[in-house]
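J.: dropping a prediction and its sequence here:
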Amino acid sequence: MWGHRLVIPSKLHSVLLADLHMNHMGMVKTKSLPQSYFWWPSLDREIEQTIRNCNACRQYQANPPKAELSPWDWPSEPNRQLHADFGGPIDVFEMSKITAAKTVVAFRQYFCTWGLPT
C-alpha cells in the first residue's frame with residue numbers, strides 16, 4: 001500500500017492505463033481517477049504519455065464533438081411536460097445550493113402554484 005492506495009506491479013501498468021483511457025476523458029479527468037485508488041512511481045507521467053500518443057485525443061483536444069440537440073415536441077396543454085434546468089427563464093427559483101433536496105423543494109413550490117403536472 002502507498003498511503004491508502006494500492007501499489008500496482010509494473011506488469012499491470014499497461015492494462016490499467018488502457019482501462020483508464022478507454023473513454024478518452026482527457027488529461028485531468030484521467031489523472032484524477034487513480035489518485036483515489038492506486039499508485040506507481042511514474043503514474044502521472046505514463047497517463048500523460050498515453051493521452052499525448054492517442055490519435056483520437058489529439059484530434060478532438062481543441063474541439064471536442066458537440067452533442068446533437070434533440071428538441072422536445074411542444075406540449076399540447078400547460079403543465080403537460082416539465083423540464084428542469086438551472087437557468088430559467090419561465091419560473092425561476094433562486095437556489096444557493098443545487099442539490100436533489102433543494103430541487104425537490106423548488107418543485108414543491110412550483111406544484112403549489114401551478115398544480116401537479118398531468
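T.: Nice, thanks for sending it over.
J.: just give the closest residue to residue 117, not the sequence neighbours.
T.: residue 79 (4.8 Å; Cβ to Cβ, 6 or more residues apart in numbering). In this view, the C-beta of every residue, glycine as well, is placed from N, C-alpha and C.
J.: show me where this structure has strands.
T.: 6-7, 38-39 (DSSP state E).
J.: any stretches of the chain with poor pLDDT?
T.: 64-65, 85-90 (pLDDT under 70).
J.: show me it divided up by domain.
T.: What automatic domain parsing lists as the domains of the chain is 6-60, 71-118.
J.: can you verify my assumption that residue 95 contacts residue 102?
T.: Yes - counting by Cβ atoms under 8 Å, residue 102 is a contact partner of residue 95 at 5.4 Å.
J.: how near is residue 4 to residue 46?
T.: Distance of residue 4 to residue 46, given as Cβ to Cβ, to the nearest Å: 21 Å.
J.: the more surrounded of those two?
T.: Comparing residue 4 with residue 46 by neighbour count (other Cβ atoms under 10 Å), the higher total belongs to residue 46, at 16 against 8.
J.: give me every residue that touches the closest residue to the more buried one other than its chain neighbours.
T.: In space, residue 46 comes closest to residue 17 once its chain neighbours are excluded; the distance is 6.0 Å by Cβ to Cβ, 6+ apart. Contact analysis of residue 17 by Cβ atoms under 8 Å, 6 or more residues apart in numbering lists 46, 47, 50.
J.: quick one: residues contacting the first one.
T.: To tie it back to what came earlier, the one meant is residue 46. Contacts of residue 46 by Cβ under 8 Å, 6+ apart are 13, 17, 40.
J.: for the nearest residue to the last one once chain neighbours are set aside, which residues are in contact?
T.: Leaving aside its sequence neighbours, residue 40 sits nearest to residue 8 (Cβ to Cβ, 6+ apart; 5.1 Å). Neighbouring residues of residue 8 by Cβ under 8 Å, 6+ apart: 16, 38, 39, 40.
J.: got the phi/psi numbers for the last one?
T.: Yep, that's residue 40 we're talking about. Backbone torsions of residue 40, given as degrees, to the nearest 10, read phi -150, psi 160.
J.: perfect, that will be all.
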